[in-house]
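Student: I would like to see how this sequence folds:
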Amino acid sequence: MYPLPEQLVPSEKNKLNSYLPIRKKGNDFEWDAITGTVLSNALHRKVDDYSITEFRAECRANITSRLDEPQFWDVLDRMYFSSGAIFDVSPVFLLFKAQSANGKNAFGAANQRMSDLFADLMGDSFVLSKVEDRLNFVESEMMATLQGRLKPSDELVSSDQTYLPYLAEAFREDITFLATRPKYLMDELTNVLKLYAFSYCSQLALNVSAWREGAPVSKPLYFILDTESASAERTHVSTFGHRLFAKASERLFPILSALESLQCGDRTRPLWQVYLDAKQYEDGDRVLAALNTYIKAFAETKSRRLPPKPSADDIRQAFEYLIDLAIQQFQDEKTERPGVNRAYVRELERQVCDDFVQFRGRAGRVLVLNQDRLLMLTNLAVGRNEKLRLHELLHAFQQRGFYFDGQSQQVLISFYERMGNVERMSDSGDAVYVRKTV
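Tutor: Got it, this is the predicted structure:
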């Protein structure tokens with residue numbers, strides 16, 4: 001298939017429709033609704049045209065017909081419905097919170113963008129076959145009532161190509177593991193999604209300029225624990241922490257908006273895939289000619305007026321020219337574009353990254369994990385294993401986008417020892433095993 005649009009024409013305005021859940025405004029996410037939608041996508045099931053009020057009435061009819069004392073329903077109604085405890089019985093009941101996703105205007109554009117992020121991570125082939133619930137008789141009846149009303153939800157699952165395959169693999173593993181711990185899933189799924197929203201956006205920022213390298217790999221991004229002190233002398237933390245992420249995030253909107261014009265076909269592709277497809281296309285001269293024409297027109301648009309580029313000699317150089325122009329257009333302070341880009345960066349930090357950033361005096365802003373998130377990340381990383389060696393655990397952290405320097409690793413071990421979920425066979429790091437806490 002030809003890797004570029006047949007009519008490759010630059011737009012006067014920069015648009016962004018894929019891969020980044022943030023816009024310059026309107027980013028107030030409702031995480032309950034997003035959580036329900038993620039479960040709906042994972043289970044490929046949805047609640048459609050069936051309200052919680054109707055469910056409540058149907059449960060009453062089904063259960064009271066099997067009770068020796070039908071008036072006992074009033075007690076059950078208070079226990080499960082009036083108190084809202086029905087949503088704590090099984091993750092499947094959280095599908096009610098995703099109902100409005102079927103009418104996307106009611107669901108909200110911001111919620112849809114964030115839900116699409118997780119749909120991209122799951123991909124179109126991932127199916128969570130079941131959630132391993134432990135239900136009593138009454139709860140089993142309620143579940144049977146709901147199961148009879150669920151409908152397929154394949155239309156909610158994204159078929160776009162994920163930008164970060166390694167992170168998608170970890171996400172699918174973690175969702176599958178959580179399904180074996182339904183109580184933990186209900187308690188922590190929203191927090192897991194917030195963790196992945198940050199990891200995805202930060203790793204996307206670090207990888208968006210690495211399109212020449214093929215499929216992305218996890219890029220180092222260093223954190224400290226919230227109980228640690230920070231200092232400018234910790235090279236990894238100061239150089240490859242928040243400072244690196246903040247600088248990389250400035251390229252997200254310019255590069256991803258440039259990518260929009262290169263999309264063709266029904267499936268949205270990452271920049272690294274578009275470049276690979278263009279480079280491997282059998283008629284390379286045709287692709288190069290189209291890119292050179294587009295680059296010239298892009299620079300000459302009335303709203304940009306950028307210095308012209310010479311004709312590229314090969315496809316790699318053509319992509320370099322285009323990305324350079326895409327970034328350069330946001331550096332002209334005489335236009336409104338720098339302000340637009342700063343708005344994207346500001347909203348990303350405020351809506352997705354705020355809980356992971358702290359100001360630490362002379363060390364400035366650093367990336368931080370608190371103890372609750374560390375325990376959650378540890379449980380996810382150990383997953384279905386009984387325990388992991390420390391170096392295996394750190395590798396699993398890195399696959400999810402979280403890196404720790406040597407000093408933080410020692411603090412990690414001390415923390416695990418206080419929690420009682422570590423086995424130290426010797427003083428060697430290779431002989432330290434970490435267990436999950438669920």
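
Student: Mind listing what's buried along the one helix or strand A246 maps to?
Tutor: Using DSSP states H and E, A246 falls within helix 242-249. For helix 242-249, a neighbour-count test (16 or more other Cβ atoms under 10 Å) marks H242, L244, F245, A246, A248, S249 as buried. Bear in mind the C-beta positions are built from the backbone N, C-alpha and C, glycine included.

Student: Stretch 391-411 too?
Tutor: In stretch 391-411, counting by 16+ other Cβ under 10 Å, buried: 392-394, 396-405, 408-409.

Student: Name the residues that touch it?
Tutor: 166-167, 169-170, 195-196, 199-200, 202-203, 218-225, 227-228, 234, 236-237, 240, 369, 377-378, 380-383, 388, 390, 412, 429-430, 434 (Cβ atoms under 8 Å, 6 or more residues apart in numbering).

Student: try stretch 209-223
Tutor: 163-167, 202-203, 206-207, 236-237, 240-241, 244-245, 248, 251, 255, 270-272, 275-276, 316, 319, 323, 356, 366-369, 398-405, 408.

Student: filter those to the buried ones?
Tutor: Buried residues within the contacts of stretch 209-223, counting neighbours by 16+ other Cβ under 10 Å: 163-164, 166-167, 202-203, 206-207, 236-237, 240-241, 244-245, 248, 251, 255, 270-272, 275-276, 319, 323, 356, 366-369, 398-405, 408.

Student: Give me the next element, helix or strand, following the longest helix that the chain contains.
Tutor: Longest helix in the chain, counting residues (DSSP state H): helix 182-207. Next helix or strand after helix 182-207 toward the C-terminus (DSSP H and E): strand 224-225.

Student: That following strand pairs with which strands?
Tutor: Applying DSSP bridges, strand 224-225 is found paired with strand 365-369 (parallel).

Student: got any ranges where the chain has weak pLDDT?
Tutor: Counting by pLDDT under 70, the chain has low-confidence residues at 100-106, 154-157, 426-430.

Student: Can you list the residue ranges for strands in it?
Tutor: Taking DSSP state E as the test, the strands found in the chain are 45-46, 151-152, 224-225, 357-359, 365-369, 387-389, 422-424, 432-435.

Student: Most tightly packed of those strands?
Tutor: strand 45-46 (a mean of 22; mean count of other Cβ atoms under 10 Å).

Student: Starting from it, tell me which strands it pairs with and how they run.
Tutor: As defined by DSSP bridges, the strand partners of strand 45-46 come to strand 151-152 (antiparallel).

Student: Report the distance from the strand it pairs with to the chain centre.
Tutor: Distance, stretch centre to chain centre, for strand 151-152: 24 Å (Cα atoms, centre = their mean, to the nearest Å).

Student: Same check on stretch 298-310?
Tutor: Distance of stretch 298-310 from its chain centroid, counting by Cα atoms, centre = their mean, is 34 Å.

Student: Now do that stretch: everything it contacts.
Tutor: Stretch 298-310 is contacted by residues P10, E12, K13, I295, K296, Y321, L322, D324, L325, Q328, Q329, T335 when judged by Cβ under 8 Å, 6+ apart.

Student: Helices - which of the residues you listed land there?
Tutor: I295, K296, Y321, L322, D324, L325, Q328.

Student: Can I get the buried ones among those as something I can paste into PyMOL?
Tutor: A single PyMOL command is used to select the members of these judged buried by 16+ other Cβ under 10 Å:
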select buried, resi 295+321+322+325
